[in-house]
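1. Quick one, fold the following:
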Amino acid sequence: MKNIFFIAAIAMLLTSCGRFANEDKKGAMDVRIVSASKQYTEIMYALNADSNLVAVDLSSTYPPEAKDLPTIGYHMKLSFEGIMSVKPTLLLHSGGNYSIGPETVVSQLEKLRIPMKTFETKAEDIPGTTALIREMGQYFHKEQKAEVLCEKLEADMQKALENGKTYTDTVKVIVIHFGRASNSYLIRGNEDVAGEMVRWAGGIIPIDKKGMARITSPEIIAQANPDVILLTDFGYDRLGSMEKVLELPGVALTNAAKTGRIYRVEGHDLIYLGPRTGENVLKLQKLIHQTQ
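-> Sure, this is the predicted structure:
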């Protein structure tokens with residue numbers, strides 16, 4: 001018991017660790033919410049329910065305002081000190097085996113009885129996404145705004161699906177991603193949110209994998225021979241030039257490289273479903289089909 005109180009006392013003395021500043025911009029509040037879910041973070045901002053949000057995890061990069069908040073580490077590598085420094089009254093996380101960690105930090109939070117909440121709805125498709133937006137809208141008393149967001153999402157998706165009926169080609173697309181934590185070279189498979197969005201956009205990811213997979217051989221990329229390569233922002237910016245991109249194993253041999261169809265995309269646009277998913281599918285369609 002003494003150890004618990006000692007840890008809490010030390011943590012409360014620590015200053016918050018922002019990505020771009022070390023000040024807590026929300027100030028003292030009765031309700032102090034920490035989000036360890038990039039999906040929840042975006043929805044909160046979209047609902048205009050972010051006034052009590054005092055910190056987020058490193059994967060919460062949208063909207064840009066989220067980057068001004070203190071961070072609590074990556075959601076699977078949470079910083080106990082970072083969390084306690086913002087004096088939270090609620091920690092939101094998406095649930096599941098890969099929601100938050102490490103176990104030692106979660107155990108410390110449970111011992112201190114820090115309230116944690118996961119919303120019941122899992123946004124694994126568009127109906128699930130609208131259901132989650134409505135559930136969160138009800139929780140934050142933003143029901144009317146939630147309906148506006150859902151109507152726009154459904155309208156954008158309807159337009160994207162109608163566009164898809166006009167395409168005569170099925171574009172092969174590969175999404176390359178660099179892991180921020182391990183700095184590893186990864187590819188998103190067809191059984192993934194990115195794979196679903198590419199299909200909605202009228203393309204296909206020719207990599208039969210679930211989720212993300214590490215690239216162990218240049219042949220994986222070369223044999224897939226994509227027409228378009230989408231490189232997420234962190235990796236693209238880290239490499240710094242198209243010449244460096246072409247040095248990635250297997251990339252230079254692809255049709256995408258030969259025709260100059262390698263594009264930078266924001267990682268948060270393809271990793272989870274949310275209020276902007278319809279917009280992002282429409283953007284993908286313009287990109288991969290070269291339409292105006």
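
2. And the strands in the stretch 51-200 of the chain?
-> 53-56, 73-74, 77-78, 90-92, 116-117, 171-178, 185-188 (DSSP state E, counting those that start in this stretch).

3. Just the residues contacting the third one, thanks.
-> So the one you mean is strand 77-78. Here strand 77-78 makes contact (CB atoms under 8 Å, 6 or more residues apart in numbering) with 36, 57, 72, 100-102, 105-106, 181. C-beta: built from backbone N, CA, C; applies to glycine.

4. Repeat the analysis, applying 6 Å as the threshold.
-> 72, 100, 105 (CB atoms under 6 Å, 6 or more residues apart in numbering).

5. ok, now which ones touch the last one?
-> Contact analysis of residue 105 by CB under 6 Å, 6+ apart lists 78, 80.

6. For residue 235, state which of the contacts of strand 77-78 is nearest.
-> residue 72 (23.8 Å; CB to CB).

7. per-residue confidence for the closest one?
-> We have a pLDDT of 96 for residue 72.

8. isn't it right next to residue 84, touching?
-> No - Residue 72 lies out of contact with residue 84 (CB atoms under 6 Å); the separation is 9.3 Å.

9. more neighbours, these two?
-> Set residue 72 next to residue 84 and count neighbours by other CB atoms under 10 Å: residue 72 wins out with 31 against 24.

10. show me the contacts for the more buried one.
-> By CB under 6 Å, 6+ apart, the contact set of residue 72 is 55, 57, 78-79, 82-83.

11. try 7 Å
-> Contact analysis of residue 72 by CB atoms under 7 Å, 6 or more residues apart in numbering lists 34, 36, 55, 57, 78-79, 82-83.

12. Tell me how many other residues crowd the closest residue to it other than its chain neighbours.
-> Once flanking residues are discounted, residue 72 sits nearest to residue 82: 4.3 Å by CB to CB, 6 or more residues apart in numbering. Residue 82 has 21 neighbours, counted by other CB under 10 Å.

13. Let me see the ranges of the helices in this protein.
-> Ranges of helices within the chain are 2-13, 38-46, 80-85, 103-111, 126-139, 143-164, 193-200, 218-224, 233-239, 242-246, 255-259, 277-289, based on DSSP state H.
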